[in-house]
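S.K.: need the 3D shape of this:
(2 chains)
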There are 2 protein chains.
Amino acid sequence: MESFHNAGMSRTSGPSELLVALDRSDAEPLREQIAEQLRAAIRLGTLRSGTRLPASRVLAANLGVSRGVVVEAYDEMHAQGFLAISARSAPVVTAIPGDVGPAPVEPPVRAPLVDFAIETVDTALFDRRAWLRAYAAALDTAPSAALAYGDPRGRPELRSALAEYLGRARGVAAEPARTVICQGSIQGVQIAARLLAAAGARRVAIEDPCSAEVRAATVRAGLEPVPVPADADGLDVGALPTANVNAVLLTPAHQYPGGGTLTPERRRALLAWADTADALIVEDDYDGELRYDRRPVGALQGLARERVIYLGTASRTLVPALRLGWMVVPAALVAGAIAIRWELGGPSPALDQLALARLLRTAAFERHVRRLRTEYGRRREALLAALARTLPDAVPGGAAAGVHLTLTLPAAVSVAAVARAAAAQRVHLQTVELFRAEPADDTRTLLLGFGRVPAPAAPLATSMLERVLSSAAGRARW
Amino acid sequence: MESFHNAGMSRTSGPSELLVALDRSDAEPLREQIAEQLRAAIRLGTLRSGTRLPASRVLAANLGVSRGVVVEAYDEMHAQGFLAISARSAPVVTAIPGDVGPAPVEPPVRAPLVDFAIETVDTALFDRRAWLRAYAAALDTAPSAALAYGDPRGRPELRSALAEYLGRARGVAAEPARTVICQGSIQGVQIAARLLAAAGARRVAIEDPCSAEVRAATVRAGLEPVPVPADADGLDVGALPTANVNAVLLTPAHQYPGGGTLTPERRRALLAWADTADALIVEDDYDGELRYDRRPVGALQGLARERVIYLGTASRTLVPALRLGWMVVPAALVAGAIAIRWELGGPSPALDQLALARLLRTAAFERHVRRLRTEYGRRREALLAALARTLPDAVPGGAAAGVHLTLTLPAAVSVAAVARAAAAQRVHLQTVELFRAEPADDTRTLLLGFGRVPAPAAPLATSMLERVLSSAAGRARW
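M.R.: Okay, the predicted model is just below:
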């Protein structure tokens, strides 16, 4: 097959494809047929302004006509204003009177000066070279069969590598057969919600506050989400028995967005309740590896693998654009997970999976995670120090893990006023009300992501935060 | 950030992550705490047989203990049979009595000797070097923002490049704003079906025969699929008015799997009917570029962009494992398409999209498609020639495009007998009954994919086909 790929690979040439149907039995000259069809396509909008057409030599060869025929057609259209022709490049479709031109590119959103948004990580920390090395190696070694359709659960190489890594790093009881690669945690939550519904769940406890996406996913799956408060120690597990639910979806290692870690007592109580209620648990371990203290918190799933659907993602440890997430499901739900994953579009792209498998097997992935912990740890320290200096009466929390912390203000502020003041200062800032089941008008709790606040920028970012709060409170200083 | 990435990148080292929680206030020696937790994890199965543990030096540094403590813990576990320790490598978890060991890898499926399956393309024809070049360039030039979350429709670079290419090559009226990148055609069909339902469709005409996935997608979207026969000229459009449907899903350029091309008369009648019935059309253009004749057939969508949802995919022109597909939707359905695409997991991976955009902009994609047409054209010719020699009474059809053709036998054969005979000969062979709404027990129509039958193999493949048919008919020769 070598010659198949070598032909034309290094030759730079322009477009060649152009839909023209010639009828040689027609009395109309070929030149006119070509020009007419192209003009019609331009008017129709299938050939948009700015589209490059094939060079006359190329089009002539494709259509099986002499080059002169195409040249004449192009010249005619040029004279009529449909094409722009220059000496050394292919003709380009020009805008015609009445043509509204190409649809405008989406206008760029003006980036904030300070970005405290908690969903974000610093994509500049992504090790592109390491990723490319892994991807290239995967592409080099993948058998042809790996490029066809495959197991909806994903590549076995990745499921094996994940099983080992998750076992070591997160205490997850992972078997490749129970692991499903999905398109990021958005999809993982969706699949999990549908599995709950398929398993007979009706009402599912969700944390309050929690991400809107989680709430939406449960509703889409036909479940009724029942908000249960989460505090500094995570989900209030004690409220579950009276909540009349038979499923729960939570973020035990680092409550999103409140930041609390589920205490050992609550973990035990949760598992005991689940046994009694014969309930399923969805554990969203979205940032489990990004811990800054020396108190590692393993996954619940390791202690109850037939009750817990475990979700993880590379969106924070790598980048969201790779769309790499995973789930480890109870044995009884594997068939359902496979069916749902297939319905949502079939398996994730194979090469991306094989590249991640390589990063995991060579331990490059966990080395990268350690470096992230160090860098984000610096940012966290810098932000905490700046907050202590600039907003000493505000109490930071939820800082044990992840890339955001909470800030509890000494007095409530109006959510709307904060939003206005933040927008005016070009500070992207969220309050916890954005994530509550019943958002209040006033709040004491801000959410500060430091994923995009480099350590040297923390003092200035905090000063701007202080200005936002002062402005929102209508005072000179907060 | 240079130092961030350089640290440790070239140093090959083993695993470092291992979940161990030490309680220094506990009377129990640290060595014993470590060994106990690891033994528990091994029994629990979170540390599976074959898992490599961090080297003692690495684990000691991570836990903040002396190396000797870790060495003693490992030695104890080694003596007890939990770990295998060798001089120059990290300890490895060994199987313990009662441990069932790692879950078995899925047993490899025995590949057929001859593969006539019609869903397949020859993934060996994928130009890996060109893809890697495009991917590397995309990775090199992508701004950090492109690595975060993005527009559910996909990267604007790809939507623009596709708009131009589809306009030229397929006569599609594509605007980037109406284009949605999806995870292959499986997902495209799913999104389209849901859009039909959201737009008020109830009964949707589908071709008979058609792919089971299409039927399933309509049902999942809450629609009632109404099979309408497709013949050598594509869908029997004349049957639509009495079918009482307000939507239709078809493959007009090359009927799947029957192979017919919708005639110009039927195309006009279809669009006229859709206007009268105010119906939506889903045009699945799954292999529109792979035509072998000089009668290019443009997309219907170019003539009725507000009635037609256009679907395309790179699964046949590149490889299925890239999961790259696209849809161009009527303006009124854009918001719905965005919402559904988000629900299904958010946008497709950005780098894959940017790589494809690059292939399109540099015209490398269409050069590759031309080469594919040439190579598959050779295989098609070889197969037709071999069929003419070996099975002269059987009539090939549907060969104008794509990577499969139909073969109409002079007399019907039992579908079950064909399946048995094919399996016995290790020939992967499908009959059209596999795709019919009401499969019959006997059939005259075989489907022969030549995506995986190289030209030199055609004579032998056809001989084996003849043996399968003879065996199925219980005769010495077909």
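S.K.: so, low pLDDT: which residues of chain A?
M.R.: Chain A contains residues with pLDDT under 70 at A:1-13, A:95-109, A:476-478.
S.K.: buried residues of the longest helix along it, list them for me.
M.R.: Longest helix of chain A, by residue count under DSSP state H: helix A:364-390. Of the residues in helix A:364-390, A:364-373, A:375-376, A:379-380, A:382-384, A:386-387, A:390 count as buried by neighbour count, 16 or more other CB atoms under 10 Å in any protein chain shown. For glycine as for every other residue, the C-beta is placed from the backbone atoms N, C-alpha and C.
S.K.: anything in that helix near chain B?
M.R.: Yes - judged by CB under 8 Å from any CB of the partner chain, helix A:364-390 comes into contact with chain B at A:364, A:366-367, A:369-371, A:375.
S.K.: distance to residue A:31 for those residues - can I get that in a markdown table?
M.R.: Output for the residues of helix A:364-390 next to chain B, formatted as a markdown table (distance: CB to CB, whole Å):
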| residue | distance to residue A:31 |
| --- | --- |
| A:364 | 60 |
| A:366 | 66 |
| A:367 | 64 |
| A:369 | 64 |
| A:370 | 68 |
| A:371 | 64 |
| A:375 | 64 |
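S.K.: other SSEs contacting the longest helix of chain A?
M.R.: helix A:128-141, helix A:156-170, helix A:350-361, strand A:404-414, helix A:458-473 (3 or more CB pairs under 8 Å, 6 or more residues apart in numbering or on different chains; DSSP states H and E).
S.K.: domains of chain A?
M.R.: A:2-93, A:126-362, A:370-473 (automatic domain parsing).
S.K.: and those domains, which is most packed in?
M.R.: domain A:126-362 (a mean of 22; mean count of other CB atoms under 10 Å in any protein chain shown).
S.K.: ok, and the closest non-adjacent residue to the spatially most central residue of chain A?
M.R.: Per CA atoms, centre = their mean, the C-alpha nearest to the average position across chain A is that of residue A:320, at 3.8 Å. The shortest distance from residue A:320 to any non-neighbouring residue, by CB to CB, 6 or more residues apart in numbering or on different chains, is to residue B:149 (4.9 Å).
S.K.: now swap in residue A:145 and tell me
M.R.: residue B:123 (7.3 Å).
S.K.: any idea how far residue A:219 is from chain B?
M.R.: 11 Å (CB to the nearest CB, to the nearest Å).
S.K.: same question but for residue A:250, I mixed them up
M.R.: For residue A:250, the distance to chain B - CB to the nearest CB - is 19 Å.
S.K.: same thing with residue A:182?
M.R.: For residue A:182, the distance to chain B - CB to the nearest CB - is 7 Å.
S.K.: you'd agree residue A:433 is up against residue A:439?
M.R.: Yes - using CB atoms under 8 Å as the test, residue A:433 is close enough to residue A:439 to be in contact (4.1 Å).
S.K.: what residues are shared contacts of those two?
M.R.: Common contacts of residue A:433 and residue A:439 (CB atoms under 8 Å, 6 or more residues apart in numbering or on different chains): residue A:415.
S.K.: and the stretch 351-478 of chain A, which residues reach chain B?
M.R.: Near chain B, when you scan the stretch 351-478 of chain A using CB under 8 Å from any CB, you find A:351-352, A:362-364, A:366-367, A:369-371, A:375.
S.K.: now name the helix or strand holding the nearest residue to residue A:411 once chain neighbours are set aside.
M.R.: Distances taken as CB to CB, 6+ apart put residue A:444 closest to residue A:411, at 7.0 Å, once the chain neighbours are dropped. Taking DSSP states H and E as the definition, one finds residue A:444 inside strand A:442-449.
S.K.: and that strand, what does it pack onto?
M.R.: strand A:404-414, helix A:415-424, strand A:430-431.
S.K.: quick check: angle from the second one to helix A:458-473?
M.R.: Relative orientation of helix A:415-424 with respect to helix A:458-473: 130 degrees, computed using axes from the mean of the first three to the mean of the last three CA atoms, to 10 degrees.
S.K.: likewise the longest one?
M.R.: With the same axes, to 10 degrees defining the directions, strand A:404-414 sits at 20 degrees from helix A:458-473.
S.K.: now the strands for the stretch 1-150 of chain A?
M.R.: A:83-86, A:89-93, A:114-115 (DSSP state E, counting those that start in this stretch).
S.K.: tell me the strands beside the shortest one, with direction?
M.R.: Within its sheet, strand A:114-115 is paired with strand A:427-428 (parallel), according to DSSP bridges.
S.K.: what's in contact with the partner strand?
M.R.: So strand A:427-428 is contacted by A:112-117, A:422, A:464-465, A:468 (CB under 8 Å, 6+ apart).
S.K.: let's see that with 7 Å instead.
M.R.: A:112-117, A:464-465, A:468 (CB atoms under 7 Å, 6 or more residues apart in numbering or on different chains).
S.K.: could I get those in JSON lines, plus columns for distance to residue B:473?
M.R.: Shown next, in JSON lines, are the contacts of strand A:427-428 (distance: CB to CB, whole Å):
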{"residue": "A:112", "distance to residue B:473": "73"}
{"residue": "A:113", "distance to residue B:473": "78"}
{"residue": "A:114", "distance to residue B:473": "77"}
{"residue": "A:115", "distance to residue B:473": "71"}
{"residue": "A:116", "distance to residue B:473": "74"}
{"residue": "A:117", "distance to residue B:473": "69"}
{"residue": "A:464", "distance to residue B:473": "82"}
{"residue": "A:465", "distance to residue B:473": "82"}
{"residue": "A:468", "distance to residue B:473": "82"}
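S.K.: rewinding a little: ok, the residue nearest to residue A:411 - contacts?
M.R.: A:408-409, A:412.
S.K.: spatially nearest residue to residue A:289, not counting backbone neighbours?
M.R.: residue A:369 (5.0 Å).
S.K.: surely that neighbour is in contact with residue A:318?
M.R.: No - when contacts are counted by CB atoms under 7 Å, residue A:369 is not listed as touching residue A:318 (9.4 Å).
S.K.: phi, psi of residue A:311?
M.R.: Main-chain torsions, residue A:311, degrees, to the nearest 10: phi -120, psi 140.
S.K.: state the helix or strand in which the closest residue to it other than its chain neighbours lies.
M.R.: Of all residues not flanking residue A:311 in the chain, residue A:188 sits nearest, at 4.2 Å (CB to CB, 6+ apart). Here residue A:188 sits within helix A:184-198, counting by DSSP H and E.
S.K.: using PDB, write down the CA coordinates of that helix.
M.R.: C-alpha atoms of helix A:184-198 as PDB (Å, rounded to 0.1, in the frame of the first residue of the first chain):
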ATOM      1  CA  GLY A 184     -16.000  13.600  29.300                       C
ATOM      2  CA  SER A 185     -17.900  13.800  32.500                       C
ATOM      3  CA  ILE A 186     -20.900  15.500  30.900                       C
ATOM      4  CA  GLN A 187     -21.600  12.200  29.100                       C
ATOM      5  CA  GLY A 188     -20.600  10.100  32.100                       C
ATOM      6  CA  VAL A 189     -23.300  11.800  34.300                       C
ATOM      7  CA  GLN A 190     -25.800  11.400  31.500                       C
ATOM      8  CA  ILE A 191     -25.100   7.700  31.200                       C
ATOM      9  CA  ALA A 192     -25.200   7.200  34.900                       C
ATOM     10  CA  ALA A 193     -28.500   8.900  35.200                       C
ATOM     11  CA  ARG A 194     -30.000   6.700  32.600                       C
ATOM     12  CA  LEU A 195     -28.600   3.700  34.300                       C
ATOM     13  CA  LEU A 196     -30.300   4.700  37.500                       C
ATOM     14  CA  ALA A 197     -33.600   5.100  35.700                       C
ATOM     15  CA  ALA A 198     -33.200   1.800  33.900                       C
END
